[in-house]
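S.K.: With the input below, show me the fold.
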Amino acid sequence: MAVVIRDGVLPMELGLVHQVFSAARDAAGERLYEVLTCAAVPGEVRTSADFSVSAPHGLDALATAGTVVVPASDGDDARPDGADPAVTAAVRAAAERGARVASVCTGAFVLAAAGLLDGRRATTHWKSGALLGERYPAVAVDHGVLYVDEGQVLTSAGEAAGIDLCLHIVRRDHGAGVANDAARKIVVAPHREGGQAQFVVRPVPAEPGESSTAAARAWALDRLDRPIALRELAARSAMSVRTFTRRFREETGMSAGDWLAQRRVERARQLLETTTLPVDQIARAAGFGTGVSLRNHFHDALGVTPSAYRAAFRG
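M.R.: Below is the predicted model of the structure:
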């Protein structure tokens, strides 16, 4: 994996890529990714803070990388050409030979300048989304989501969303178990779907004693195997259904129904990876009721069948 940094790189974005992929280990504790820091000119690179970092590798490392990640640099959205032409050309060449390419935050401007986002959905920091669409009209900018997975090309919003994207890549490559283990090591939430909103209106209660939906969510996670009605969740939070619905979206960025469906798919993924239970039994344990319902939700969420997922990640 090659991480391409440029003048003014955001230190947190560089660090999070190394942190997440270094935490991804196999059953024997061996690293699953080799992460190389690259620059147009190897050596000292200025960050957006009051220190510099060293890039030991040049852009030639992109010629053999399976994945190329482009973190943001300060002023990305102020550069009319999007990036250093040498960086743009190297990223484009890597994609043309089949490498997966991802960006964090305004690193999306580099991918757009390379032509890799034309005709694709993409996202970036909410402050820069409108400019990305204006400057590159062939890009279908999805404002407000955490990250977008277009297969070979992936983009994410700001720093925390970069962690979500990196964990998503680990999950895609090696399964939910490895991704969850990596998340535990770096003490972050194991799974936030890409479609979740970038800006959550009410992440925590604003005033002491103010009601939250957190207890209802924790209660639901212990009961995913049975039907859970919205009125039950509201009652757990001592709210009316209308108030609970509004507060839930403020705190999570999605509806209660969408949140439950995502948690059930995640539960099914874990059972497919770690057990030999039949698909119909996993469907009941995850709250989908029938194997047909599980297959439909699973395919909608991941693009594969439960059996194909198990074949890829079991053991």
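
S.K.: CA atoms for contacts and neighbours, from now on please.
M.R.: Will do.

S.K.: Which is the succeeding secondary structure element to the longest helix anywhere in the chain?
M.R.: When the chain is parsed with DSSP state H, its longest helix is helix 256-274. Reading on from helix 256-274 to the C-terminus, the next helix or strand found by DSSP states H and E is helix 279-285.

S.K.: which residues are contacting the helix or strand that that next one is followed by?
M.R.: As assigned by DSSP H and E, the chain's next helix or strand after helix 279-285 is helix 291-302. Residues from elsewhere that reach helix 291-302, judged by Cα atoms under 8 Å, 6 or more residues apart in numbering: Ala261, Val265, Val279, Asp280, Gln281, Ile282, Ala283, Arg284, Phe288, Val304, Thr305, Pro306.

S.K.: try 10 Å
M.R.: When contacts are defined by Cα atoms under 10 Å, 6 or more residues apart in numbering, helix 291-302 is touched by residues 172, 193, 261-262, 264-266, 268-269, 278-284, 286-288, 303-307, 309.

S.K.: Also stretch 43-62?
M.R.: The set of residues external to stretch 43-62 that reach it, using Cα under 10 Å, 6+ apart, is 1-12, 14, 36-42, 68-69, 72-75, 86-87, 89-95, 99.

S.K.: Drop anything exposed from the contacts of helix 291-302.
M.R.: Among the contacts of helix 291-302, those scoring as buried are 193, 261-262, 264-266, 268-269, 279-280, 282-284, 286-288, 305-306, 309 (criterion: 16 or more other Cα atoms under 10 Å).

S.K.: can you give me the strands for the protein?
M.R.: Taking DSSP state E to define them, one finds strands in the chain at 2-4, 36-38, 43-46, 52-55, 67-70, 100-104, 121-122, 140-141, 147-149, 153-156.

S.K.: Parallel or antiparallel, list what pairs with the fourth one.
M.R.: Sheet pairing here is set by DSSP bridges, and for strand 52-55 it gives strand 43-46 (antiparallel).

S.K.: Gly98 touches Gly66, doesn't it?
M.R.: Yes: distance between Gly98 and Gly66: 7.9 Å, which falls inside the contact criterion (Cα atoms under 10 Å).

S.K.: Which of the two has more residues huddled nearby?
M.R.: With neighbours defined as other Cα atoms under 10 Å, Gly98 and Gly66 compare such that Gly66 has more, 16 against 13.

S.K.: Can you say which of the strands of the chain is nearest to Arg231?
M.R.: Closest of the strands of the chain to Arg231 is strand 147-149, at 31.0 Å (criterion: Cα to Cα).

S.K.: are any of the contacts of stretch 43-62 buried, and which?
M.R.: Using 16+ other Cα under 10 Å as the threshold, 1-12, 14, 36-40, 68-69, 72-74, 87, 89-92, 94-95, 99 are the buried ones among these.

S.K.: Sketch out the low-pLDDT regions of the stretch 51-200 of the chain for me.
M.R.: Screening the stretch 51-200 of the chain residue by residue with the criterion pLDDT under 70, one finds the ranges 79-83, 189-200.

S.K.: Where do the helices of it begin and end?
M.R.: The residue ranges that make up the helices of the stretch 51-200 of the chain, judged by DSSP state H, counting those that start in this stretch, are 85-96, 108-113, 129-135, 159-174, 176-186.

S.K.: And the shortest one, how far out from the chain middle?
M.R.: Spelled out, it's helix 108-113. How far helix 108-113 lies from its chain's middle: 18 Å, per Cα atoms, centre = their mean, to the nearest Å.

S.K.: One more: the fourth one?
M.R.: Average the C-alpha atoms of helix 159-174, do the same for its chain, and the two points are 4 Å apart (Cα atoms, centre = their mean).

S.K.: now the angle from it to helix 291-302?
M.R.: Interaxial angle, helix 159-174 versus helix 291-302 (axes from the mean of the first three to the mean of the last three Cα atoms, to 10 degrees): 130 degrees.

S.K.: Which residues belonging to helix 159-174 are considered buried?
M.R.: By 16+ other Cα under 10 Å, the buried positions in helix 159-174 come out as 159-171, 174.

S.K.: just the residues you listed now: which is nearest Ala108?
M.R.: Gly162 (11.7 Å).

S.K.: Tell me, how many residues neighbour the closest residue to that closest one other than its chain neighbours?
M.R.: Here the nearest residue to Gly162 in space, its sequence neighbours aside, is Val104; by Cα to Cα, 6 or more residues apart in numbering that works out to 5.4 Å. Around Val104 there are 31 other residues, counting by other Cα under 10 Å.

S.K.: who does Val104 bridge with?
M.R.: Partner residues in beta bridges with Val104, using DSSP bridges, are Ser156.
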